[in-house]
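# Model the structure of this input:
(chains A and B)
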Protein chains: 2
Amino acid sequence: MGKVKVDISTSLDGFITGPDDRPGQELGAGGEQLHEWVFGLASWRKPHGLEGGETGPDDDVIKEASTDIGAVVMGRRMFDLGERPWGDDPPFRVPVFVVTHRAKETLEKEGGTTFIFVTDGIESALDQARKAAGDKNISVAGGAETVQQLVAAGLVDEIQLHVAPLFLGRGKRLFDQLGKEIELERIRVVDSPGVTHLKYSVVK
Amino acid sequence: MGKVKVDISTSLDGFITGPDDRPGQELGAGGEQLHEWVFGLASWRKPHGLEGGETGPDDDVIKEASTDIGAVVMGRRMFDLGERPWGDDPPFRVPVFVVTHRAKETLEKEGGTTFIFVTDGIESALDQARKAAGDKNISVAGGAETVQQLVAAGLVDEIQLHVAPLFLGRGKRLFDQLGKEIELERIRVVDSPGVTHLKYSVVK
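Sure thing, here's the model as predicted:
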């Protein structure tokens, strides 16, 4: 069975978006700074339909994180904000299970991405993602509530934070109040001037 | 002129104490886990009057952080909780300026530590610390409010977080709501299984 993985960019003070995230400003005010390190990397550009890009340690991290992903889980707000910028050919290229209270018909996009809307809870979404992924891994894409609920429920195996060198000061925090202690084990740290990649497994 | 430095242990979700910090449980419930990596290190044991201890990369980080410190700034709550456990021979061994609303007479301890209580604000405490430190550096010891106020005011030069491999889930967060963006520059990352040291300078 594959692993359930979280890979997400944060500021040093733990924010994954700036304040006032909305259509046209999907990452919130200033939030794009959390992702600047990734846009030039070959392994990010390729699934986004862009040529070229840098290779090196940061690129290796992205390549590793995007290898053997068989399905994605995300929250409805992330889908709603992301749908337009992702366009007709979203970068996921696997089934994406969207946790929502509002039913919506399955949405088939180009390039292998299908959005399936799951209304009976986050664990059901994860179960369906496991079936779709088979032996491959499942990526929990966000947002904060979705990540937090799955981590708190003990359903995440690995967490990698890509820490950008800034304080954002305001916005949406990834781990606002987990409400419980969770032991982690360091897998490895990779760092470059633009970002530090902290990878942990969750001790169960 | 010396630098103003913050060196502090946090959980991966950004807490520096667990919930319910009080006399007898100064680090809050579970908070001692944030510091487990440090207790066995030679450079921590020495100023605490203990012999022996490990050397290596983590110890080098502590040695570096405690070298050339000429004065300390801390908040009143940290002093109130720390006074008893620190005992007659506190580990600071330099003047410690305590920011407080309640005046208190200067307290001279053994081994070079003197607590001076500053009632006219945090910037005054820092000014007095600068005078006492001369060419040496100033360590901002905590708590969260004191660190946050000085960082938000642009008065901190370097920040080093010692990230312990766990989510604490509750407690006091180091950077709860800075309220503003602050750009950082990575100085270096050192990691071991028990802790990851992330050191940044503040871009001004």
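# can you list the residues that contact the strand or helix carrying residue A:198?
Element membership for residue A:198, per DSSP states H and E: strand A:195-202. With contact meaning Cβ atoms under 8 Å, 6 or more residues apart in numbering or on different chains, strand A:195-202 is reached by A:9, A:37-38, A:58, A:61, A:151, A:154, A:156-165, A:182-191, B:12, B:163, B:165, B:186, B:189, B:196, B:198. Where you see a C-beta, it was placed from the backbone N, CA and C, and this is true even at glycine.
# For ChimeraX, write a command that selects the buried ones of these.
Per 16 or more other Cβ atoms under 10 Å in any protein chain shown, the buried members of the contacts of strand A:195-202 correspond to this ChimeraX selection:
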select /A:9,37,38,58,61,151,156,157,158,159,160,161,162,163,164,165,182,184,186,189,190,191 /B:12,163,165,186,189,196,198
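# Check which helices and strands whatever helix or strand residue A:130 lives in sits against.
Using DSSP H and E, residue A:130 sits in helix A:122-133. With contacts taken as 3 or more Cβ pairs under 8 Å, 6 or more residues apart in numbering or on different chains; DSSP states H and E, helix A:122-133 sits against strand A:69-75, strand A:95-99, strand A:114-118, strand A:137-142, helix A:144-152.
# How far off centre is the longest one?
It refers to helix A:144-152. Centroid displacement of helix A:144-152 relative to its chain, using Cα atoms, centre = their mean, to the nearest Å, is 11 Å.
# interface residues of chain A facing chain B?
Residues of chain A lying close to chain B by Cβ under 8 Å from any Cβ of the partner chain are A:12-14, A:30, A:33, A:151, A:159, A:161, A:163, A:165-170, A:174-175, A:177-186, A:189, A:191, A:193, A:196, A:198, A:200.
# re the thing from before, tell me the angle of the strand holding residue A:198 relative to strand B:195-202?
Here strand A:195-202 runs at an angle of 150 degrees relative to strand B:195-202 (axes from the mean of the first three to the mean of the last three Cα atoms, to 10 degrees).
# which residue is nearest the middle of chain A?
By Cα atoms, centre = their mean, chain A has its centre lying nearest to residue A:141, at 2.5 Å.
# From residue A:12, how far out is it?
22 Å (Cβ to Cβ, to the nearest Å).
# same question, residue A:172
15 Å.
# and the helix or strand containing residue A:190 with strand B:195-202, angle?
When secondary structure is defined by DSSP H and E, residue A:190 falls within strand A:182-192. Angle of strand A:182-192 versus strand B:195-202, following the same axes, to 10 degrees, is 50 degrees.
# Tell me how far strand A:182-192 lies from the chain's centre.
Distance, centroid of strand A:182-192 to centroid of chain: 17 Å (Cα atoms, centre = their mean).
# Packing partners of it?
helix A:57-66, strand A:195-202, strand B:166-167, strand B:182-192.
# how distant is the second one from the center of its chain?
With Cα atoms, centre = their mean as the basis, strand A:195-202 stands 13 Å off its chain's centre.
# Could you give the average pLDDT over that strand?
For strand A:195-202, the mean pLDDT works out to 98.
# mind listing what that strand pairs with, with the direction of each?
Strand pairing for strand A:195-202, determined by DSSP bridges: strand A:158-164 (antiparallel), strand A:182-192 (antiparallel).
# can you list those strands in TSV and add mean pLDDT?
Conversion of the strands paired with strand A:195-202 to TSV gives the following (pLDDT from 0 to 100):
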stretch	mean pLDDT
strand A:158-164	98
strand A:182-192	96
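# Distance to residue A:5 for those strands - can I get that in CSV?
Output for the strands paired with strand A:195-202, formatted as CSV (distance: least, Cβ to Cβ, whole Å):
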stretch, distance to residue A:5
strand A:158-164, 5
strand A:182-192, 11
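# Which stretch among those strands approaches residue B:121 most closely?
Within the strands paired with strand A:195-202, the stretch nearest residue B:121 is strand A:158-164; the backing value is 32.2 Å (Cβ to Cβ).
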